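J.: predicted model, plus sequence, below.
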Amino acid sequence: MEIVCPAGTPAALRAAVKAGAHTVYCGFNDETNARNFPGLNFDRAEMREGVAFAHSHGSKVLVAINTFPRAGDEAIWQSAVSDAESSRADAVILADPGLLDYAARVHPGLRRHLSVQAAAANADVINFYARCFGVKRVVLPRVLSVPEIAAINAETEVETEVFVFGGLCVMAEGRCSLSSYATGRSPNMNGVCSPASHVVYREDDGVLDARLGGYTIHRVGAGESAPYPTLCKGCFNAGDKAGHLFEDPVSLNAEQLIPQLKSAGVTALKIEGRQRSRSYVAQVVRNFRKAVDALAADQPIPKGMLTYLSEGQATTTGAYKKTWR
Amino acid sequence: MDLTVGPNQFFWAADRWAALYADLANAPVDRVIVGELVCSKRLPFYQDRLLEAISTLQAAHKKVLVTSLALVTLKRERKLTSELADLGVEVEVNDLTALTYLPDGIRFSVGPLVNVYNEGTLSWLASKGATRVCLPPELPMASIKILATAGAELGVTIEVWGHGRVPLAISGRCYHARLHGRTKDNCQFACEDDADGLEVRTLDDQPFLAMNGVQTLSDSYASAVHHVDALKDAGVAALRLSPQSTGFVEICHVYRQLLDGEQDGDNIADAIGHIAKNTRLSDGFLSGARGVDWSGQLPGSGEGR
């Protein structure tokens, strides 16, 4: 199986490639990609060099252009597609139908993947994207169980790629405006969710509050570890209940499900974390490469090797197990 | 400008559900979208009342459409979605899955849960047969203006979110079930107790969101009352009002008065507060720094923001 690894910087790209990534995904340093964080991503020259480096080591590069172009400014997103092609990237990862249509018409030779941001959650709509825009691969939204993924693969020729490690969106990706509502910064429009610029930590009387956009969504005793206040993993009250009503501050770790995902017909395993350091990326990549190599050699997957890298030390297999719903 | 009533986002008992549409037959609205947007498990409870609701509304000269689900995953949901056109009314696509089943050349509408952010997507949808698009609620006025202009050239009517709790997210997970310690498959319809969704408050007890099964909404009711002139100037043809449990027909009336120029935005905002107590309004997606912001007076504060 193909391991698809994040690279937020040229250094992370090189680290991922050297650690054994079959494929690396990255984005330009602007609002055209869904990890538009300060100090991250690639300028045009870095993208060309990064692709050349990856290719010289036998790895592929996918360029994520997966926010939704702003009305009146589509040219910014269209030039990102052109520049990905001229960088000799192996594919672009797109979500917006208008941009997919543009890429299919103007850059027909550039391979197109459907971003998780398109939230294509069944075989009929995946095949529709293939018919309309010639997409060759779909990154599946994190709402599907392993049997449902198997059922999709039975009904489509489009390759499937699934997230196996890292941050976990609880909402269907590309269909969430929570951050936009609370902070004005939108995943779909700005490539930003629950931005650090809107986070305030306040310690008072031995209590540490984490606020996002003025909303207190986490509270711990001073000295306890405080998770980053991502909206959907915050603490809230509803009815007579209090707690992490949407999701606990966990991250995804599906390494033990890799054999099932392979049997389900999945082509590629995706690791989240373009905002992560190159040493983190290298460790995760090495571990996952070992796992898929073990699987290919009919050996068991080593257990629990990545837990220590997970945010808040707690992990979940998310929607892959039906009871998560 | 016209008024469109969006699909009821909440799970109401069948009699209450049917009463909404009987009442809307006499409300000053032009278009009503029926059907299930949020959760396919709810539909069997009122499915056998759909045809009657449609014919009641049509007899009152309302244009009636049926919505698709917002997120289609299960086989049963695909089948349900593929049969929508059989109801004999126009389909409002709220997940592109619905578009895959429509016969070639058939006219359709696009709802606010399809990501129409730019002219390219609008143009592509028009080429598939879209004649009407209700834009995503998070779009700022600048985008609305550009898309309304593009829509006029493409022959696509543009509608925007006019009133109601904003659908902010959809998930594979049911939060109502989770709150009650159940899974989605064994939810026991926990969402039925909350006719406008269940208020979600922050740790400082600030109202913030509303949970509605697999959907998460804003606590505030996004309202375009202060932006009608700008929207008219932009070429927006309709406002969408989203059903709520208290005073909804009256709310339709006051929006009609607003569009007819009989009342100004501040008066209508006050009126809404009288019709449905504890209704916090917002219009930040249209004009503020963030969606939750409100351009009008804050209740009790005596001052605007």
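T.: It's in.
J.: shaky segments in the chain?
T.: Looking at chain A here, since you left the chain open. For chain A, applying pLDDT under 70 flags the ranges A:304-313.
J.: try again with chain B
T.: Ranges of chain B meeting pLDDT under 70: B:298-305.
J.: now the helices for chain B?
T.: B:14-24, B:50-59, B:75-82, B:96-101, B:119-128, B:141-154, B:175-179, B:228-234, B:248-259, B:265-275, B:284-287 (DSSP state H).
J.: likewise for the stretch 151-300 of chain A?
T.: Here the stretch 151-300 of chain A has its helices, by DSSP state H, counting those that start in this stretch, at A:178-183, A:187-190, A:258-263, A:278-296.
J.: report the distance from the second one to the chain centre.
T.: Read that as helix A:187-190. 14 Å (Cα atoms, centre = their mean, to the nearest Å).
J.: near chain B, anything from that helix?
T.: Yes - Helix A:187-190 comes into contact with chain B (Cβ under 8 Å from any Cβ of the partner chain), by way of A:188, A:189. Bear in mind the C-beta positions are built from the backbone N, C-alpha and C, glycine included.
J.: circling back: out of the helices of the stretch 151-300 of chain A, deepest packed?
T.: For the helices of the stretch 151-300 of chain A, average neighbour numbers computed from mean count of other Cβ atoms under 10 Å in any protein chain shown are highest in helix A:178-183, which has a mean of 27.
J.: correct me, but residue B:160 touches residue B:224?
T.: Yes - the pair residue B:160 / residue B:224 is scored as a contact, 6.6 Å apart, by Cβ atoms under 8 Å.
J.: find residues that contact each of the two.
T.: Shared contacts of residue B:160 and residue B:224, defined by Cβ atoms under 8 Å, 6 or more residues apart in numbering or on different chains, are found at B:231, B:239, B:286.
J.: spit out the contact partners of residue A:63.
T.: Contact analysis of residue A:63 by Cβ under 8 Å, 6+ apart lists A:25, A:26, A:27, A:28, A:47, A:80, A:84, A:87, A:89, A:91, A:92, A:93.
J.: just those: which are in helices?
T.: A:47, A:80, A:84.
J.: quick revisit: tell me the one of the contacts of residue A:63 nearest chain B?
T.: Nearest to chain B among the contacts of residue A:63, counting by Cβ to the nearest Cβ, is residue A:80 at 13.5 Å.
J.: neighbours of that closest one, just the number please.
T.: Neighbour count for residue A:80, taken as other Cβ atoms under 10 Å in any protein chain shown: 26.
J.: what does residue A:39 give?
T.: Neighbour tally, residue A:39, other Cβ under 10 Å: 8.
J.: hang on, the earlier thing: turn the ones in helices among the contacts of residue A:63 into JSON lines, including distance to residue B:107.
T.: Putting the ones in helices among the contacts of residue A:63 into JSON lines (distance: Cβ to Cβ, whole Å) gives the following:
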{"residue": "A:47", "distance to residue B:107": "42"}
{"residue": "A:80", "distance to residue B:107": "34"}
{"residue": "A:84", "distance to residue B:107": "36"}
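J.: which residue does chain B bring closest to chain A?
T.: Of all residues in chain B, residue B:120 sits closest to chain A, at 2.4 Å by Cβ to the nearest Cβ.
J.: contact partners for that residue?
T.: Residue B:120 sits next to A:69, A:74, A:96, A:97, A:98, A:99, A:101, A:102 when contact means Cβ under 8 Å, 6+ apart.
J.: quick one, what contacts the one residue sitting closest to the centre of chain A?
T.: Closest to where the C-alpha atoms of chain A average out (Cα atoms, centre = their mean) is residue A:272, at 4.3 Å. By Cβ under 8 Å, 6+ apart, the contact set of residue A:272 is A:6, A:163, A:165, A:166, A:167, A:168, A:252.
J.: residues contacting the residue nearest to the third one when sequence neighbours are not counted?
T.: Pointing back at residue A:165 there. Nearest non-adjacent residue to residue A:165, counting by Cβ to Cβ, 6 or more residues apart in numbering or on different chains: residue A:271, 4.7 Å away. Applying Cβ under 8 Å, 6+ apart to residue A:271 gives the contacts A:3, A:4, A:5, A:6, A:163, A:164, A:165, A:166, A:281, A:284, A:285, A:288.
J.: so how far is residue A:49 from the third one?
T.: Spelled out, it's residue A:5. 17 Å (Cβ to Cβ, to the nearest Å).
J.: if we can go back for a sec, who has more neighbours, residue B:160 and residue B:224?
T.: Set side by side, residue B:160 and residue B:224 show unequal neighbour counts under other Cβ under 10 Å, the larger going to residue B:160 at 29 against 24.
J.: and that one, what is it in contact with?
T.: Contacts of residue B:160 (Cβ under 8 Å, 6+ apart): B:134, B:135, B:137, B:139, B:144, B:224, B:231, B:236, B:238, B:239, B:240, B:286.
J.: the residue lying closest to residue A:69 once chain neighbours are set aside: neighbouring residues, count only.
T.: Residue nearest to residue A:69 in three dimensions, not counting chain neighbours: residue A:77, with 4.0 Å by Cβ to Cβ, 6+ apart. Burial of residue A:77 is recorded as 27 neighbouring residues (other Cβ under 10 Å).
J.: tell me the buried residues in the host helix or strand of residue A:77?
T.: Element membership for residue A:77, per DSSP states H and E: helix A:74-86. The neighbour-count criterion (16 or more other Cβ atoms under 10 Å in any protein chain shown) identifies A:74, A:77, A:78, A:80, A:81, A:83, A:84, A:85 as the buried residues of helix A:74-86.
J.: isn't the fourth one up against residue A:65?
T.: This means residue A:80. Yes - counting by Cβ under 8 Å, residue A:80 touches residue A:65, with 4.7 Å between them.
J.: anything in contact with each of the two?
T.: Going by Cβ under 8 Å, 6+ apart, residues that sit against residue A:80 and also against residue A:65 are A:28, A:32.
J.: please name the nearest non-neighbouring residue to the residue of the stretch 1-150 of chain A found nearest chain B.
T.: The stretch 1-150 of chain A approaches chain B most closely through residue A:98 (2.4 Å), counting by Cβ to the nearest Cβ. The shortest distance from residue A:98 to any non-neighbouring residue, by Cβ to Cβ, 6+ apart, is to residue B:120 (2.4 Å).
J.: one more: residue B:63?
T.: Residue B:63's closest residue in space is residue B:31 (Cβ to Cβ, 6+ apart), at 4.5 Å.
J.: kindly report the same for residue A:315.
T.: The shortest distance from residue A:315 to any non-neighbouring residue, by Cβ to Cβ, 6+ apart, is to residue A:253 (3.8 Å).
J.: with residue A:66 instead?
T.: residue A:115 (3.8 Å).
J.: phi first, then psi, for that neighbour.
T.: In terms of degrees, to the nearest 10, the main-chain angles of residue A:115 are phi -70, psi 150.
J.: surely it and residue A:139 touch.
T.: Yes - counting by Cβ under 8 Å, residue A:115 touches residue A:139, with 5.8 Å between them.
J.: who touches both of the two?
T.: residue A:93.
J.: parallel or antiparallel, which strands does the strand ranked longest in chain B pair with?
T.: Longest strand in chain B, counting residues (DSSP state E): strand B:157-170. According to DSSP bridges, strand B:157-170 has the following sheet partners: strand B:130-134 (parallel), strand B:215-223 (antiparallel), strand B:238-241 (parallel).
J.: deepest-packed of the ones you listed, please.
T.: Most buried of the strands paired with strand B:157-170 by mean neighbour count (mean count of other Cβ under 10 Å) is strand B:215-223; its value is a mean of 26.
J.: gap between residue A:175 and chain B?
T.: 5 Å (Cβ to the nearest Cβ, to the nearest Å).
J.: how about that residue, phi and psi?
T.: phi -130, psi 30.
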